[in-house]
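Novice: okay, structure incoming, though there's no sequence with it:
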């Protein structure tokens, strides 16, 4: 399985600012996924990112709020834009091998 | 609407006993069901996958059952240890789609020495 790392591991941000989360995979993967895990809630898929094409967003998530880049097969970024306290959450990068989903350690975001 | 339900209350058991966690779902035609373990501050880790045509799957001390009539999966940890304490997530991948899993909220397991 691929090893997934994320940066930053945590951050505290002010309302109205933006944060870009980086995800690095140690092998080439076709699809990368971004999830959100709010306190006491289930993992929710934000979008699927394929290299060389626009990300596919799930219902309730839009590109203006969560722009995603996927410049190559080992790297992706998720930006949380114009943040509000409701965006406080853990953001997880993921890839898939066969039918198994693999996750990074997550980025814990707190918005004040 | 599609729903995956796991006990929100923590399950407390004594070391050595068998822990049983439940996952119920509605309005799904699952191709397969997965169980993940999540420790605090970490991402989920894949444990087991069971397909719709399988009744039971085992891996070491873990056993998963899948009843598509009852729309339920049971996850068992035998001879539980304090190190098994974690949150366990159930995830379903629907047939006819991209197979990207949808996750339940998870159940916290606490194994007391």
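Specialist: Noted; the coordinates are in hand. All of these numbers come straight from a predicted model, not from anything done at the bench.

Novice: confidence score at whatever residue of chain A ends up closest to chain B?
Specialist: Residue nearest to chain B within chain A: residue A:103 (3.1 Å; C-beta to the nearest C-beta). Where you see a C-beta, it was placed from the backbone N, CA and C, and this is true even at glycine. Note for residue A:103: predicted pLDDT of 95.

Novice: the bottom helix or strand of chain A by mean pLDDT?
Specialist: strand A:100-103 (a mean of 91; mean pLDDT, DSSP states H and E).

Novice: elements contacting that strand?
Specialist: If you count contacts as 3 or more C-beta pairs under 8 Å, 6 or more residues apart in numbering or on different chains; DSSP states H and E, strand A:100-103 packs onto strand A:89-97, strand B:30-38, strand B:45-51.

Novice: between the ones you listed, which one is closest to residue B:68.
Specialist: Nearest to residue B:68, of all those, is strand B:30-38, at 7.3 Å by C-beta to C-beta.

Novice: just checking, what packs against the closest one?
Specialist: Short answer (3+ C-beta pairs under 8 Å, 6+ apart): strand B:30-38 packs on strand A:100-103, strand B:45-51, strand B:62-67, strand B:72-77, strand B:86-94.

Novice: the spatially most central residue of chain A: what secondary structure?
Specialist: Centroid-nearest residue in chain A, with C-alpha atoms, centre = their mean: residue A:34, separated by 3.5 Å. Three-state assignment for residue A:34 (DSSP: H, G, I helix; E, B strand; the rest coil): strand.

Novice: show me where the chain dips below the pLDDT cut-off.
Specialist: Reading this off chain A. The model of chain A has pLDDT under 70 over residues A:1.

Novice: try again with chain B
Specialist: Short version for chain B, where the test is pLDDT under 70: B:96-97.

Novice: what residues does it have near chain A?
Specialist: B:4, B:32, B:34, B:36, B:41-46, B:49, B:89, B:91, B:93, B:98-106 (C-beta under 8 Å from any C-beta of the partner chain).

Novice: so who does the residue nearest to the centre of chain A touch?
Specialist: Residue A:34 is in contact with A:23, A:45-47, A:49, A:66, A:68, A:76, A:78, A:91-94, counting by C-beta atoms under 8 Å, 6 or more residues apart in numbering or on different chains.

Novice: distance of residue B:94 from chain A?
Specialist: 13 Å (C-beta to the nearest C-beta, to the nearest Å).

Novice: I'd say that residue and residue B:27 touch.
Specialist: No: using C-beta atoms under 8 Å as the test, residue B:94 is too far from residue B:27 to be in contact (9.7 Å).

Novice: re earlier: how about the contacts of residue A:34 in a markdown table, adding neighbour count and distance to chain B?
Specialist: A markdown table is the format used below for the contacts of residue A:34 (neighbours: other C-beta atoms under 10 Å in any protein chain shown; distance: C-beta to the nearest C-beta, whole Å):
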| residue | neighbour count | distance to chain B |
| --- | --- | --- |
| A:23 | 26 | 11 |
| A:45 | 20 | 6 |
| A:46 | 23 | 12 |
| A:47 | 21 | 11 |
| A:49 | 24 | 12 |
| A:66 | 19 | 17 |
| A:68 | 22 | 15 |
| A:76 | 27 | 15 |
| A:78 | 26 | 14 |
| A:91 | 22 | 10 |
| A:92 | 29 | 5 |
| A:93 | 28 | 8 |
| A:94 | 24 | 8 |
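
Novice: tell me what the nearest residue to residue B:99 once chain neighbours are set aside is bridged to.
Specialist: Residue nearest to residue B:99 in three dimensions, not counting chain neighbours: residue B:93, with 4.3 Å by C-beta to C-beta, 6 or more residues apart in numbering or on different chains. Beta-bridge partners recorded for residue B:93 (DSSP bridges): residue B:32.

Novice: lovely, talk soon.
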